[in-house]
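S.K.: model this:
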Amino acid sequence: RRPVASANAPLAEVAARLQQFKSSIHNELALQNAQELMNKVNEKCFAKCVPKPGSSLSSSEEKCLSQCMDRYLEAFDMISRTYFTRIKKERLDAQPSSDSL
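M.R.: Now for the predicted structure:
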């Protein structure tokens, strides 16, 4: 018969590996989302601010691109914070309260 502690050791190892795997996937998705966001920002802001591309950007085009990117990233940040706050609240609301026990 195996002691309980040694039987739980493989389970703990599996759980740790699973958590590491989840963390790795989360980081990959975050990187992919950041790349997608930057591609979208570049595409949208360039289309808005550089109507006739040339060999260089004018100062007004540079200013427009900078402001456009700032606004886009601010909006993304606000949406992300709101989304994560909502998810957190939904998770808390889904947990059974101590009153119902």
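S.K.: can you tell me which helix in the protein is longest?
M.R.: helix 4-49 (DSSP state H).
S.K.: packing partners for the helix or strand following it?
M.R.: Moving toward the C-terminus from helix 4-49, the first helix or strand encountered (DSSP states H and E) is helix 59-94. Counting contacts by 3 or more CB pairs under 8 Å, 6 or more residues apart in numbering; DSSP states H and E, helix 59-94 is packed against helix 4-49. Just so you know, the C-beta spots here come from the backbone N, C-alpha and C atoms, and that holds for glycine as well.
S.K.: the helix it packs on packs against which elements?
M.R.: If you count contacts as 3+ CB pairs under 8 Å, 6+ apart, helix 4-49 packs onto helix 59-94.
S.K.: average pLDDT across the longest helix of the chain?
M.R.: The pLDDT scores in helix 4-49 average 86.
S.K.: relative to helix 59-94, how tilted is it?
M.R.: Angle, helix 4-49 to helix 59-94, by axes from the mean of the first three to the mean of the last three CA atoms, to 10 degrees: 150 degrees.
S.K.: gap between helix 4-49 and the chain center?
M.R.: Mean C-alpha position of helix 4-49 versus that of the full chain (CA atoms, centre = their mean, to the nearest Å) differs by 9 Å.
S.K.: quick one: the most centrally placed residue in the chain from residue 23, how far?
M.R.: For the chain, residue 30 is the residue whose C-alpha lies nearest the centre (CA atoms, centre = their mean; 4.5 Å). To residue 23, residue 30 is 10 Å away according to CB to CB, to the nearest Å.
S.K.: for residue 65, same thing?
M.R.: Applying CB to CB to residue 65 and residue 23 gives a distance of 35 Å.
S.K.: between these two, which is the more surrounded one?
M.R.: Applying other CB atoms under 10 Å to residue 65 and residue 23 shows that residue 65 carries more neighbours, namely 18 against 10.
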